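> Any chance you can model this:
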Amino acid sequence: MPIKPLADRILIEPAEAEVQTSSGIYIPDNAKEKPQEGKVVAAGPGAKNDKGEAIALEVKVGDKVLYGKYSGTEVTVDGKEYLIVRESDILAIL
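Sure thing, here's the model as predicted:
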């Protein structure tokens, strides 16, 4: 992986948006919502406290996470879309 997040930042590969509802209706591209779920691809070493000691992250590479709808920064690396978020932007580990 060419990206190594710093501090408490986490690199997430967003899940694909749904193309069909559970009832079988196909969703057009312009009506799809941004996914709020993804897989952790890389994580930084953690934030530092007042003493300069690293605070370990609760998430690890491979975790499936739920994050805020408008959280983070979208980046494209080698043609793949990723999202960089702070650990505080992650709502839950699935």
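> Geometrically speaking, which residue is the centre of the protein?
Ile12 (3.1 Å; Cα atoms, centre = their mean).
> show me the residues around Gln36 that make contact.
By Cβ atoms under 8 Å, 6 or more residues apart in numbering, Gln36 lies in contact with 66-69. Every residue, glycine included, has its C-beta placed from N, CA and C.
> before we move on, the earlier item: show me what counts as buried in the helix or strand where the residue nearest to the centre of the chain lies.
Element membership of Ile12 [criterion: DSSP states H and E] is strand 9-14. Residues of strand 9-14 classed as buried: 9-12, 14 (neighbour count, 16 or more other Cβ atoms under 10 Å).
> Could you pick out the buried ones from the contacts of Gln36?
Applying a neighbour-count criterion of 16+ other Cβ under 10 Å, the buried members of the contacts of Gln36 are Tyr67.
> quick one on the thing from earlier: please report how far the residue nearest to the centre of the chain lies from Glu53.
Separation of Ile12 from Glu53 (Cβ to Cβ, to the nearest Å): 26 Å.
> Kindly report the same for Asp8.
Distance of Asp8 to Glu53, computed by Cβ to Cβ: 13 Å.
> same question, Thr76
Distance, Thr76 to Glu53, using Cβ to Cβ: 34 Å.
> residue ranges with poor pLDDT in this structure?
Counting by pLDDT under 70, the chain has low-confidence residues at 1, 17-21, 27, 29-35.
> ok, which stretches of it are strands?
Along the chain, counting by DSSP state E, strands occupy 9-14, 37-43, 64-67, 73-77, 80-86, 90-93.
> Mind listing residues that contact the third one?
Same thing as strand 64-67. Defining contact as Cβ under 8 Å, 6+ apart, one finds that strand 64-67 is touched by 10, 12, 36-40, 59, 83, 85, 89-94.
> strands paired with it, and their directions?
strand 37-43 (antiparallel), strand 90-93 (antiparallel) (DSSP bridges).
> what's the answer for the fifth one, then?
Each strand that strand 80-86 pairs with, and the sense of that pairing, follows from DSSP bridges: strand 9-14 (antiparallel), strand 73-77 (antiparallel).
> Any idea which of these gets closest to Asn49?
Closest to Asn49 of these is strand 9-14 (Cβ to Cβ; 16.7 Å).
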